[in-house]
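Asker: okay, predicted coordinates and the sequence, questions at the end:
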Amino acid sequence: MGTARGEPPANGPLRAGVSTQLACFTAEGTIRAMVRMDHKGICHPPSVVLHAYCRWAALQGIETERMRRRWASGTGVEWPDGWLAGVPVLAERRGSAPATVAALSRIDERHEQTATRSRGCHALTRALPISAIGKEGAALAGETAALTHGDAAARSATVQATALLHHCLTNSPEEAHPPVTADQPVREALRTGIAVLPPLGRGNGGNEHNHLMTVFRHAVEQPADAGLLARFAPDATAPSALYGGLYAAVSFPHRAGFGTALQFAAGAPDGDSVACVTGALLGAVHGTEALPMDLVSRHELSYVLDTLARDLLLQVLDSPSGSEYVEGWDPHWWSRYPGW
């Protein structure tokens with residue numbers, strides 16, 4: 001929706017962008033980190049997610065030989081490995097991710113890597129799947145953002161977005177006391193989610209809680225104002241993605257308005273990132289059944305995304321490959337998600 005500026009073609013498949021590609025590898029890397037922890041008892045999850053981004057880069061033809069030397073030299077294994085490396089769409093160029101590519105291109109055989117000073121939106125949009133693993137996901141999201149984006153505001157916005165999304169996934173407004181009216185679960189979930197966010201300092205020149213509450217209040221009092229959307233989300237940075245996504249989600253809290261919310265969000269100066277965050281927040285509250293079927297059924301990566309989502313949840317709940325001491329029930333899980 002963001003790439004199409006809110007006006008997707010009437011028929012045919014809907015193409016995935018680079019943010020979606022990177023989010024796929026975030027989800028896969030997160031699963032592989034948990035698999036490694038189960039079997040080895042020791043793991044540095046950001047490094048495993050970094051390895052996932054390197055597999056994406058290799059598929060894209062970015063520093064392929066350097067990546068192979070770093071990750072596959074002397075191992076005797078086929079690389080890139082894991083099932084995700086076999087998805088053709090993930091090897092196609094679907095937009096630019098300059099900060100991510102610049103940082104990955106600096107990796108050498110000693111695993112040293114230097115982030116750029118970017119506060120670009122990809123630090124945030126690619127990290128959103130991590131919200132499914134628990135409260136600790138926010139810290140991991142911040143660490144994965146810092147792999148490639150060195151700006152404090154990018155990391156702060158990523159942590160805030162992931163924590164807010166986790167709250168929406170795990171706290172049902174229907175159980176609130178006093179009860180929430182049927183058409184207001186989005187606003188209640190986001191209001192309470194902002195209230196419980198951890199303090200993170202002044203990453204982008206002011207208190208993040210105050211910024212978020214200001215955006216929330218304007219969305220309630222002046223919803224769906226294109227001028228306000230452009231004011232809160234003026235560029236392609238991580239803070240803009242967070243504030244613009246929050247404004248659009250609160251502006252269209254009703255389940256029936258999901259598609260309209262995405263269309264409105266796509267009209268932001270950087271509609272890709274704002275629509276991404278808007279859809280994540282609304283989907284977390286309303287559930288997958290509320291996703292516009294005319295869009296979801298046409299998405300070229302719908303199978304891949306759905307499989308990754310289910311597998312991520314399955315790994316969190318049941319560890320199909322078992323552990324160092326317990327035999328797993330899925331003999332293929334390790335080959336799908338090698339723990340490194």
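Answerer: Sure thing, it's come through.
Asker: against Ser131, how distant is Trp334?
Answerer: 25 Å (CB to CB, to the nearest Å). The way it works is simple: take the backbone N, C-alpha and C, and place the C-beta from them, glycine included.
Asker: skip the chain neighbours and tell me the closest residue to the residue nearest the centre of the chain.
Answerer: Residue closest to the average C-alpha location in the chain (CA atoms, centre = their mean): Leu128, at 2.3 Å. Nearest non-adjacent residue to Leu128, counting by CB to CB, 6 or more residues apart in numbering: Ala280, 5.1 Å away.
Asker: does anything pack onto the helix or strand that Ala33 is a member of? Which helices or strands?
Answerer: Here Ala33 sits within helix 18-40, counting by DSSP states H and E. Here helix 18-40 touches helix 45-59, helix 122-125, helix 271-286, helix 302-318, helix 333-336, going by 3 or more CB pairs under 8 Å, 6 or more residues apart in numbering; DSSP states H and E.
Asker: follow-up on the earlier one: counting neighbours, go ahead and name the busier of Trp334 and Ser131.
Answerer: Ser131 (24 against 17; other CB atoms under 10 Å).
Asker: low-confidence stretches in the chain?
Answerer: For the chain, the stretches with pLDDT under 70 are 109-113, 172-183, 200-206.
Asker: circling back: can you show me the CA trace of the helix holding Ala33 as CSV?
Answerer: Taking only C-alpha atoms (Å, rounded to 0.1, in the frame of the first residue of the first chain), the coordinates of helix 18-40 have been written out as CSV:
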residue,chain,number,x,y,z
VAL,A,18,12.7,-4.2,0.6
SER,A,19,11.3,-3.6,4.1
THR,A,20,9.3,-6.7,3.8
GLN,A,21,12.3,-8.7,2.6
LEU,A,22,14.3,-7.5,5.6
ALA,A,23,11.5,-8.2,8.0
CYS,A,24,11.4,-11.8,6.7
PHE,A,25,15.0,-12.3,7.6
THR,A,26,14.5,-10.6,11.0
ALA,A,27,11.8,-13.2,11.8
GLU,A,28,14.0,-16.1,10.5
GLY,A,29,17.0,-14.9,12.3
THR,A,30,15.1,-14.6,15.6
ILE,A,31,13.9,-18.2,15.2
ARG,A,32,17.4,-19.3,14.5
ALA,A,33,18.7,-17.5,17.6
MET,A,34,16.2,-19.3,19.8
VAL,A,35,17.0,-22.6,18.2
ARG,A,36,20.7,-22.0,18.9
MET,A,37,19.9,-21.1,22.6
ASP,A,38,17.9,-24.3,22.9
HIS,A,39,20.7,-26.5,21.6
LYS,A,40,23.9,-24.7,22.6
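Asker: chain center to that helix, what's the gap?
Answerer: Offset of helix 18-40 from its chain centre (CA atoms, centre = their mean, to the nearest Å): 11 Å.
Asker: show me what counts as buried in that helix.
Answerer: Using 16 or more other CB atoms under 10 Å as the test for burial, helix 18-40 gives 18-39.
Asker: distance of the residue of the chain positioned farthest from its centre from Ala261?
Answerer: Among residues of the chain, the one most distant from the C-alpha centroid is Gly74; the distance is 32.8 Å, by CA atoms, centre = their mean. Using CB to CB, Gly74 is found at 50 Å from Ala261.
Asker: stretch 145-157: end-to-end distance?
Answerer: End-to-end span of stretch 145-157 (CA to CA, to the nearest Å): 10 Å.
Asker: count of neighbours near Val196?
Answerer: Neighbours of Val196 using other CB under 10 Å come to 10.
Asker: which ones are touching it?
Answerer: His167 (CB atoms under 8 Å, 6 or more residues apart in numbering).
Asker: how close does it sit to Leu212?
Answerer: For Val196, the distance to Leu212 equals 12 Å [CB to CB].
Asker: do the same with Arg231
Answerer: Distance, Arg231 to Leu212, using CB to CB: 15 Å.
Asker: out of those two, which sits in the busier spot?
Answerer: Higher neighbour count among Arg231 and Leu212: Leu212, with 21 against 14, using other CB under 10 Å.
Asker: name the element that one belongs to?
Answerer: Counting by DSSP H and E, Leu212 is found in helix 208-221.
Asker: pull the residues that contact that helix.
Answerer: With CB under 8 Å, 6+ apart, helix 208-221 has contacts from 156-157, 160, 187, 190-191, 194, 197, 199-200, 204, 225, 228, 232, 239, 242-243, 246-251.
Asker: now with 7 Å, please.
Answerer: Residues from elsewhere that reach helix 208-221 (CB atoms under 7 Å, 6 or more residues apart in numbering): 156, 160, 187, 190-191, 194, 197, 200, 228, 232, 243, 246-247, 250-251.
Asker: list the ones among those that fall in helices.
Answerer: Residues of the contacts of helix 208-221 located in helices (DSSP state H): 156, 160, 187, 190-191, 194, 228, 232, 243, 246-247, 250-251.
Asker: can I get the residues you listed in a markdown table with distance to Met293 and neighbour count?
Answerer: Converted to a markdown table, the ones in helices among the contacts of helix 208-221 look like this (distance: CB to CB, whole Å; neighbours: other CB atoms under 10 Å):
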| residue | distance to Met293 | neighbour count |
| --- | --- | --- |
| Ser156 | 35 | 23 |
| Gln160 | 30 | 29 |
| Arg187 | 24 | 20 |
| Leu190 | 24 | 26 |
| Arg191 | 29 | 17 |
| Ile194 | 30 | 20 |
| Leu228 | 30 | 18 |
| Phe232 | 29 | 24 |
| Tyr243 | 29 | 30 |
| Leu246 | 25 | 29 |
| Tyr247 | 25 | 29 |
| Val250 | 24 | 24 |
| Ser251 | 22 | 24 |
